[in-house]
Structure formats: C-alpha cells, structure tokens
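Asks: Here's my sequence, what's the structure:
(2 chains)
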Amino acid sequence: MIWGVLQFPGSCDERDALHACSLVGEARLVWHEERDLDGLDGVVVPGGFSYGDYLRAGAIARFAPAMEAVAEMAAGGAPVLGICNGFQVLCEAGLLPGALLVNEGLRFVCRQVELVVDPSAGELSSPEAGKNASGSSPERLSIPAKHGEGRYYAPGDVLDRLEANGQVAYRYAPGQNPNGSARDIAGVSNEARNVVGLMPHPEHAVDPLTGSADGLRVFEAMAALAA
Amino acid sequence: MARARVLIRPKEGILDPQGKAVERALPALGFEGIGHVRVGRMVELEAEDPERLGELCEKLLANPLIEDYEIQPL
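Replies: Here you go, the predicted model:
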C-alpha cells in the first residue's frame, strides 16, 4: 500500500505522519499543488496550520488543488485519514460531517489523552479489538492531543445519526475531553467508513520511545481498509 | 466595483467562549450591565458582481453549519 501525506504551506506534522505511514506501507509527501495522485492507495491529511489557518482552520486548505484529487479518492473508497488540522480540512471540505470550534477553555491544549475506540465502528478498530469487541471492554488508545480548535460540533440530529451509524470512531475516555467536544467525540468517519478524522495525533505515538505506540493501530486500521 | 462588508457570527445556541471570556472580564473593569457578548469576524471587500457574494459567503467566508453571515453593501 502506498500512502500520500499532504503537505500544505503551514503543515507541521507531515514528517511524523510520513514515518507512521512507512511503518504500515510505503509513503511519500504530496505537495498541495499536485493534482495527480494516481498510484496512491490512501492519503493522510496531516496536522499543522495550513495556510496559516486564516479565516477558519482548514477553510482555505480545502480549495488546494490536491484536495480535489483527495475528494475523488475518498469517493472511490480509498482510505483518507485527517489528523488535527487535517480533520478540520476534511470537515470544511464536506468529506466529514461537523465542524471543529475553538476549545471551550479558549486555551491550546497539549497533553496525552486516552481514546476509546467505538466497538461499533467495526473496521476502524484493530484486529485485536475486533476479537474482544464481542466480549470485554472496548479498545483504548493513549495518544497525544495538541490543538486550539478541537471542539467537535454537529447539530443534535446529526450527532444522533452518527452514533446510530457507528460513525463516532473515537471518543475521549470519560473525564478526559480536553476541549468541550460534543458527546466526547474525538474522531468521526464518513458513512462509508473510509474517511476518518480525529483531533489527537496517532502519528506522534508510533514508537514506545515517545511514550506510546498505540497510534500505530490507527494507521493499521486505515491500511486494512485498503486491503 | 461595489464595496461590501460581511459580518460573520457564531450561530445562536453555539457556545462562544470568546464572547463569554469578554463578558466575564467586563465587571472587573467596571463595566456593569453588559451581557450576551458574541465575538465574530468582519470582512470588507470590493466585488465586481455583488450578486455572487452570498455564494462566496456560503463557500468560504462563513461555515454555514456554525456561523451566520450578513452582507452589508457600503
């Protein structure tokens, strides 16, 4: 599997994303002006401050030439993972439902958080989680969050629908919601489950050296979608 | 060219922590009796075709899911 990791002016987590992708396949950077993404099997829209996050986070990046190709890949069922700013970009682009607002506490948060992988999100959880989804407690991931605009919002009826469809892929563990996100939502998927966005950073947690390798499971799950 | 001003506000019912922070700071500065503070954005621009400003707001200047906008011709 060959991943493309988008790079906008102002991206800052593309190198870690590239590294994480290279652990579950091959990976290359995709400059935001590239229109032809033929040959790629999946895309990561990484974190950072694309185009300075002017106007609203992700609002301008959604018009990048590369995003048209990403939308086509998403429509074709390829795995697309948006992390932090990438999540904001995918929401602005309409590839994921909802929006990310300024943190409830107004402060940039930077801390390790525990995520609960929604067992009903099926394919999104790792193979091991699939095994225990039938029985014991849901899978948990310890990965870092760092953002100023991560408060997930969608109207109540949309939230109900997301929950009913199993599109709430990741939730902050009880008591760990760092930003006031609706219903503790940390990440969602589209209806087809191939487009996933989350605020915390799995690409920063792929090696025990940095405290946790749990983030790798997010990349493994996305890679499994392409298989 | 037609000049216009676009006002963008958080939708009613959406928590606006910036507005709340401003509101909470006011009594300490001696400003009493001020409430319902909402903080938004203002964009001034010149347009050849003002008819298209609504579309521009829907697609870029505002996110209709979370923000209301108002176009004021100048």
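
Asks: Next up, the contacts around the spatially most central residue of chain A.
Replies: By Cα atoms, centre = their mean, the mean C-alpha position of chain A lies nearest to residue A:197, the distance being 2.9 Å. Counting by Cβ atoms under 8 Å, 6 or more residues apart in numbering or on different chains, residue A:197 touches A:81-83, A:86-87, A:90-91, A:96, A:187-189. From N, CA and C alone the C-beta is placed, and that goes for glycine too.

Asks: which element is it on?
Replies: Assigned by DSSP states H and E, residue A:197 belongs to strand A:195-198.

Asks: Then residue A:186?
Replies: strand A:185-189.

Asks: ditto for residue A:224
Replies: helix A:215-226.

Asks: the inter-axis angle of that helix versus strand A:185-189?
Replies: Here helix A:215-226 runs at an angle of 20 degrees relative to strand A:185-189 (axes from the mean of the first three to the mean of the last three Cα atoms, to 10 degrees).

Asks: What helices and strands are in contact with helix A:215-226?
Replies: The contact analysis (3 or more Cβ pairs under 8 Å, 6 or more residues apart in numbering or on different chains; DSSP states H and E) places helix A:215-226 against helix A:14-24, strand A:42-45, strand A:80-83, helix A:127-132, strand A:140-147.

Asks: List the buried residues for the longest one?
Replies: Along helix A:14-24, the positions that meet the burial threshold by neighbour count (16 or more other Cβ atoms under 10 Å in any protein chain shown) are A:14, A:16-18, A:20-21, A:23-24.

Asks: Can you list the low-confidence ranges for chain A?
Replies: For chain A, the stretches flagged by pLDDT under 70 are A:120-137.

Asks: One more pass at 80, please.
Replies: A:119-138, A:227 (pLDDT under 80).

Asks: what does it put close to chain B?
Replies: A:55-56, A:59-60, A:63, A:92, A:98-99, A:101-106, A:151, A:153-155, A:180 (Cβ under 8 Å from any Cβ of the partner chain).

Asks: hmm, which of the residues you listed are the buried ones?
Replies: Buried subset of these (neighbour count, 16+ other Cβ under 10 Å): A:55-56, A:59-60, A:92, A:98-99, A:101-104, A:151, A:153-155, A:180.

Asks: Show me where chain B has its strands.
Replies: Here chain B has its strands, by DSSP state E, at B:2-10, B:41-47, B:67-73.

Asks: Mean neighbour count for these - can I get that in JSON lines?
Replies: Shown next, in JSON lines, are the strands of chain B (neighbours: other Cβ atoms under 10 Å in any protein chain shown):
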{"stretch": "strand B:2-10", "mean neighbour count": "16"}
{"stretch": "strand B:41-47", "mean neighbour count": "13"}
{"stretch": "strand B:67-73", "mean neighbour count": "15"}
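
Asks: so for the longest helix belonging to chain B, what's the average pLDDT?
Replies: Secondary structure of chain B per DSSP state H: the longest helix is helix B:17-25. On average, the pLDDT along helix B:17-25 is 93.

Asks: Do that helix and chain A come into contact?
Replies: Yes. Using Cβ under 8 Å from any Cβ, we find that helix B:17-25 touches chain A at B:17-18, B:21.

Asks: Give me the buried positions along that helix.
Replies: Judged by neighbour count using 16+ other Cβ under 10 Å, the buried positions of helix B:17-25 are B:17, B:19, B:23.

Asks: from the residues you listed, which is closest to residue A:37?
Replies: Of all the buried residues of helix B:17-25, residue B:17 has the smallest distance to residue A:37: 37.5 Å, by Cβ to Cβ.
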